[in-house]
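Visitor: Need coordinates for the following:
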Amino acid sequence: MIYITGDTHRDFLRFYELNANKDDMVIILGDVGINYFLDEIDIMYKESLRKIKPKLFCIRGNHEERPENIETYKEIEMFGGKVLIEEDYPNLIFAKDGETYNIDGKSVLVIGGAYSVDKELRLLYGHKWFKDEQLTIEEMNNILNKVKGKHFDIVLTHTCPYKYEPREVFMPGLNQSKVDKSMEHFLDEIEENISYDKWYCGHYHTEKQIDKLEFMFSRIKIFNKDEFAPKYDKNGYEILRDYCRQEDVHKDRKVCCPKCNSKDIIMRKGNGEDIYGLDEIAIICNKCKKVYGFSDVKYKPNCPREL
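Guide: Numbering: from 1, shown residues only. Sure, this is the predicted structure:
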């Protein structure tokens, strides 16, 4: 089985809930976080990922070093294209920008990189910023010339084409005229010069679909299917995400199942520090044996959904 998810930023807890094995793989759409510190902290995270059974197929984001700039990475052939791996961590696979792969019988184009809108703050406070986070003009031209006129089943990128930018999640107060949109305009060109069936991207810490493009963040889906994973919780109860609103289960001040009205229920709470208002994210019905997720949980900016 192949899965796909958005930015992880070193938070890999979501993978422990997958009923996955060593033959499975999870695609991460950038900002993985394991080439960020470039010291023993990165090694600690990579060692912890040895406990993750599925392989990780990683797209390069903007908040991490290019693997080709790290001497421990070697270029090898995999999935019909070139990838970068470290000998000590062969389960952590980084795609190469502009490569085409055969994944699950699908032709897959991968393009990483983006601009960090918090660049100035990072430089001011001494946080990591990577000067070649975006593709160079030469790299963009080479990729465009290579793919122009071709069809791809799937496109995987970190950021998105400019025409699809989710402006509703832009950082408030940030002057967008100072944001370098080179990568987004380049991806506009890519989108106009190829044909494709599906496009996945991350970067914006949001989850939505526009036309054939899907933004992903914290939740996991089965690759090329509109189906979330895992499908069942640890008790074997089916998880129905975004099933109802919080108010739908609080009827006449009596909490009950939104489907069968049973009171044999348990409220599932999330991380209250990440949520505005009620921190209830789902109701578990022991009669239905289902987990009914709430669609209206108000997460704070950049905080991932927990179901």
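
Visitor: CA atoms for contacts and neighbours, from now on please.
Guide: OK.

Visitor: Helix, strand, or coil at residue 301?
Guide: Assigned with DSSP: H, G, I helix; E, B strand; the rest coil, residue 301 falls in the coil class.

Visitor: Residue 117 versus that one, what's the distance?
Guide: Separation of residue 301 from residue 117 (C-alpha to C-alpha, to the nearest Å) stands at 15 Å.

Visitor: And for residue 195?
Guide: Distance, residue 195 to residue 117, using C-alpha to C-alpha: 30 Å.

Visitor: Pick out whichever of residue 301 and residue 117 has more residues nearby.
Guide: Each of residue 301 and residue 117 has its neighbours counted (other C-alpha atoms under 10 Å); residue 117 has more, 18 against 13.

Visitor: mind checking pLDDT for the more buried one?
Guide: Looking at residue 117, its pLDDT is 93.

Visitor: Tell me the secondary structure at it.
Guide: Classification of residue 117 using three-state DSSP returns coil.

Visitor: for it, what are its contacts?
Guide: By C-alpha atoms under 8 Å, 6 or more residues apart in numbering, the residues touching residue 117 are residue 179.

Visitor: ditto for the one 5 residues further on
Guide: By C-alpha under 8 Å, 6+ apart, the residues touching residue 122 are 128-129.

Visitor: Phi first, then psi, for it.
Guide: phi -60, psi -40 (degrees, to the nearest 10).

Visitor: can you check residue 153 too?
Guide: As for residue 153, its main-chain torsions (degrees, to the nearest 10) stand at phi -70, psi -40.

Visitor: Surely it and residue 212 touch.
Guide: No - between residue 153 and residue 212 there is no contact under C-alpha atoms under 8 Å: 11.1 Å.

Visitor: residues contacting residue 62?
Guide: Contact analysis of residue 62 by C-alpha under 8 Å, 6+ apart lists 30-31, 113-116, 130, 133-134.

Visitor: That one and residue 33, how far apart?
Guide: Counting by C-alpha to C-alpha, the gap from residue 62 to residue 33 is 10 Å.

Visitor: Check the contact lists of these two and give me the overlap.
Guide: Common neighbours of residue 62 and residue 33 (C-alpha under 8 Å, 6+ apart) do not exist.

Visitor: can you list the domain ranges for the protein.
Guide: What automatic domain parsing lists as the domains of the chain is 2-229, 238-299.

Visitor: can you give me how far the longest one is from the chain middle?
Guide: If I follow you right, that is domain 2-229. Mean C-alpha position of domain 2-229 versus that of the full chain (C-alpha atoms, centre = their mean, to the nearest Å) differs by 8 Å.

Visitor: Let the chain start at 2 from now.
Guide: Fine by me, first position is 2 from now on; the one you just mentioned is domain 3-230.

Visitor: end-to-end on it?
Guide: With C-alpha to C-alpha applied, domain 3-230 spans 11 Å between its terminal residues.

Visitor: before we move on, back to that, same list, the domains of the chain, but as TSV with distance to residue 306 please.
Guide: TSV is the format used below for those (distance: least, C-alpha to C-alpha, whole Å):
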stretch	distance to residue 306
domain 3-230	6
domain 239-300	7
